[in-house]
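Undergrad: Sequence and predicted model, in that order:
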Amino acid sequence: MTVRFPAPVFIQGRYIRLVPLDPLQVPDLFEAGGDDDGVWNWLPTITPRSQAELSAVVEQRLAQQAAGEAVMFTVVPHTTNRPAGWAAYTDISIADERLDIGYQWLGRYLWGTPAHLETHFMLMYNAFENLNFGRVQWQLDHLDQLSQEIVTRIGGIPEGVLRRHLRRTDGSWRDTVFYSLLASEWPAARDRWMAGLILDWR
């Protein structure tokens, strides 16, 4: 099957929907996670202290999308119907049938919830079922334990660590932990989600 480059489409889930990132979402996004160092701690972005600063980050991400370097999605929980974070496809390689799920953040009230899990699951679902990718991967800060828990829970397999790989915004160095899931492994992860087994985790 032919691998297709992802597009910023609407993806409907049980707990959330993923919608294209839009500058008009900035007020809600800032309310969900702006000026919160914990939310932005593991991202390659200084914490936005105002809506204007968050708008600048959004414009940067949309410029990356226009250049084919990322595809951005806003996370909208059904409980509030308001944007509460975002996630992206990055490091997209059609030739290698591979992409990353990255740039992900959510407001604190969603951490570790089914909505958090489903954000990653729906991006996996779209990549494997609709776009025909052979590999989905994550590159996580070794100190970001929550994201590692989430990715492990939905089926991501740890592959190894790149030591002193990237400099954080505070100048310190991070090790990067790689996780992945292959197309051949996807059906089992999908079936566990559909059976509700992934959600019973805390």
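TA: Arrived safely.

Undergrad: What lies in contact with the lengthiest helix in the chain?
TA: Counting by DSSP state H, the longest helix found in the chain is helix 51-66. Helix 51-66 has contacts (C-beta atoms under 8 Å, 6 or more residues apart in numbering) with 8, 21, 23, 25-27, 29-30, 34, 45, 48, 70-72, 86, 88, 103. Yep, even glycine has a C-beta here, placed from its N, CA and C like the rest.

Undergrad: Same question for stretch 17-28.
TA: 8-11, 51, 54-55, 58-59, 61-62, 65, 72-76, 78, 82-84, 86-87, 119, 122-123.

Undergrad: Now it: buried residues?
TA: Using 16 or more other C-beta atoms under 10 Å as the burial criterion, the residues of stretch 17-28 that qualify are 17, 18, 19, 21, 25, 26, 28.

Undergrad: Now the two most distant members of those.
TA: 17 and 26 (18.4 Å; C-beta to C-beta).

Undergrad: Break down this protein into its helices, ranges please.
TA: With DSSP H as the criterion, the chain has helices spanning 26-33, 37-40, 51-66, 114-125, 145-153, 186-194.

Undergrad: Compare the ones you listed and give me the one nearest residue 172.
TA: Among the helices of the chain, the nearest to residue 172 by C-beta to C-beta is helix 37-40 (13.8 Å).

Undergrad: And the buried residues of stretch 17-28, which is closest to residue 114?
TA: Distances from residue 114 to the buried residues of stretch 17-28, taken by C-beta to C-beta, are shortest for residue 17, at 13.7 Å.

Undergrad: could you measure that closest one against residue 120, distance?
TA: Using C-beta to C-beta, to the nearest Å, residue 17 is found at 14 Å from residue 120.

Undergrad: Could you do residue 45 as well?
TA: 20 Å.

Undergrad: If you count surrounding residues, which of the two has more?
TA: Neighbour totals were compared for residue 45 and residue 120, and residue 120 leads with 22 against 16 (other C-beta atoms under 10 Å).

Undergrad: who's in contact with the more buried one?
TA: 87, 101, 104, 150, 151, 154.

Undergrad: Quick check: pLDDT value at it.
TA: As predicted, residue 120 sits at a pLDDT of 97.

Undergrad: Same check on residue 199?
TA: Confidence at residue 199, expressed as pLDDT, is 77.

Undergrad: and it, how many residues sit next to it?
TA: Residue 199: 17 neighbours (other C-beta under 10 Å).

Undergrad: Unless I'm misreading it, it sits right up against residue 117, doesn't it?
TA: Yes - with contact defined as C-beta atoms under 8 Å, residue 199 reaches residue 117; the gap is 6.7 Å.

Undergrad: separation between residue 109 and residue 66?
TA: 31 Å.

Undergrad: For those two, indicate the residue with more neighbours.
TA: Taking neighbours as other C-beta under 10 Å, residue 109 and residue 66 compare with residue 109 leading, 13 against 9.
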